[in-house]
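Trainee: Whatever this is, show me its structure:
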Amino acid sequence: MKLGGSNMSAVDLDRLDAVVRLKLSKLLDPTSAGSDWRELAARLGLSQLTSVFELQKTPTRILLDNYEVFHFHFSV
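Mentor: Numbers count the residues shown, from 1 in each chain. Predicted structure coming up:
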């Protein structure tokens with residue numbers, strides 16, 4: 001499965017370890033200039049949940065955690 005215009009697959013995202021997720025959060029969360037976690041949510045098909053994610057201290061981490069659960073639940 002392609003994500004947006006990227007060649008990254010859903011399986012690749014499932015392999016992100018805690019360190020990589022933390023680094024992504026630091027880059028994409030609202031405290032970062034030019035943060036774009038909402039674009040990531042849209043590309044992962046979870047834009048309908050942005051109002052929930054934006055209430056979190058680290059929306060990127062919550063987004064990735066939810067994607068992992070969502071993807072696992074519907075791919076089994």
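Trainee: Break down this protein into its helices, ranges please.
Mentor: Taking DSSP state H to define them, one finds helices in the chain at 10-14, 18-28, 37-43, 50-53, 59-75.
Trainee: Just the buried positions in the second one, please.
Mentor: Yep, that's helix 18-28 we're talking about. If you call a residue buried by 16 or more other Cβ atoms under 10 Å, then helix 18-28 has these buried ones: Arg21, Leu24, Ser25, Leu28. Placement of C-beta: from N, CA and C, glycine included.
Trainee: Arg43: which of the residues you listed is nearest?
Mentor: Nearest to Arg43 among the buried residues of helix 18-28: Leu28, at 11.8 Å, using Cβ to Cβ.
Trainee: looking at it, Pro59 is touching Asp29, isn't it?
Mentor: Yes - counting by Cβ atoms under 8 Å, Pro59 touches Asp29, with 6.1 Å between them.
Trainee: and the residue nearest to Leu22 when sequence neighbours are not counted, how many neighbours?
Mentor: In space, and not counting its chain neighbours, Leu22 is closest to Arg61: 7.4 Å by Cβ to Cβ, 6 or more residues apart in numbering. Using other Cβ atoms under 10 Å, Arg61 has 20 neighbouring residues.
Trainee: ok, now Ser47?
Mentor: Ser47 has 14 neighbours, counted by other Cβ under 10 Å.
Trainee: quick revisit: which neighbours do Pro59 and Asp29 have in common?
Mentor: Trp37 (Cβ atoms under 8 Å, 6 or more residues apart in numbering).
Trainee: Which of those two has more residues huddled nearby?
Mentor: Neighbours were tallied for Pro59 and for Asp29 using other Cβ under 10 Å; the higher tally belongs to Pro59 (23 against 18).
Trainee: nearest residue to that one other than its sequence neighbours?
Mentor: Per Cβ to Cβ, 6+ apart, closest to Pro59 is Phe53, 4.1 Å.
Trainee: Having no further points to raise, I will conclude here.
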